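Novice: Here's a sequence, model it:
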Amino acid sequence: MLQSEDYRAQIMAYIRGHYEPENEVDEVRMKRRSRNYKIIDNQLYKQGFCEPLLKCISAEEGRRLLSEIHESICGTHQSARAMAAKVFR
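Specialist: Numbering: from 1, shown residues only. Take a look at the predicted model:
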């Protein structure tokens with residue numbers, strides 16, 4: 001099995017055909033999981049039903065993004081919902 005701290009590596013390898021799950025259960029799970037993802041310019045994006053493409057980022061990039069948004073001028077003490085909306089924008 002492909003081991004990586006970055007969840008995107010396994011999905012990208014499966015979409016590109018470089019990774020084959022070891023058993024049938026993992027194959028079904030990976031097929032279901034990866035069908036909502038697209039690779040554009042070597043970058044992984046998740047597509048929703050009525051949403052724009054969402055760029056997939058690593059956990060470290062996510063922490064950095066949340067920190068940047070929270071510490072900015074607009075980062076007043078706000079609810080988790082408002083913070084999530086800013087991240088998606």
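Novice: Strands of this protein, start to end?
Specialist: Here the chain has its strands, by DSSP state E, at 37-40, 43-46, 54-55.
Novice: which helices and strands does the last one pack with?
Specialist: In this structure, strand 54-55 packs against strand 43-46, with contacts taken as 3 or more C-beta pairs under 8 Å, 6 or more residues apart in numbering; DSSP states H and E. Heads up, the C-betas are built off the backbone N, CA and C, glycines and all.
Novice: average pLDDT across the strand it packs on?
Specialist: Per-residue pLDDT values over strand 43-46 give a mean of 94.
Novice: again, but for stretch 59-72
Specialist: For stretch 59-72, mean pLDDT rounds to 81.
Novice: circling back: could you dump the strands of the chain into CSV with mean neighbour count added?
Specialist: Converted to CSV, the strands of the chain look like this (neighbours: other C-beta atoms under 10 Å):
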stretch, mean neighbour count
strand 37-40, 14
strand 43-46, 16
strand 54-55, 12
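Novice: Now do the same contact list for the residue nearest in space to the middle of the chain.
Specialist: The centre of the chain sits closest to Cys56, judged by C-alpha atoms, centre = their mean, with a distance of 3.2 Å. Remark: with contacts taken as C-beta atoms under 8 Å, 6 or more residues apart in numbering, Cys56 is in contact with 8, 37, 43-46.
Novice: May I see the strands of the chain organised as JSON lines, with distance to Ser67 added?
Specialist: Compiled in JSON lines, the strands of the chain are given as follows (distance: least, C-beta to C-beta, whole Å):
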{"stretch": "strand 37-40", "distance to Ser67": "26"}
{"stretch": "strand 43-46", "distance to Ser67": "22"}
{"stretch": "strand 54-55", "distance to Ser67": "18"}
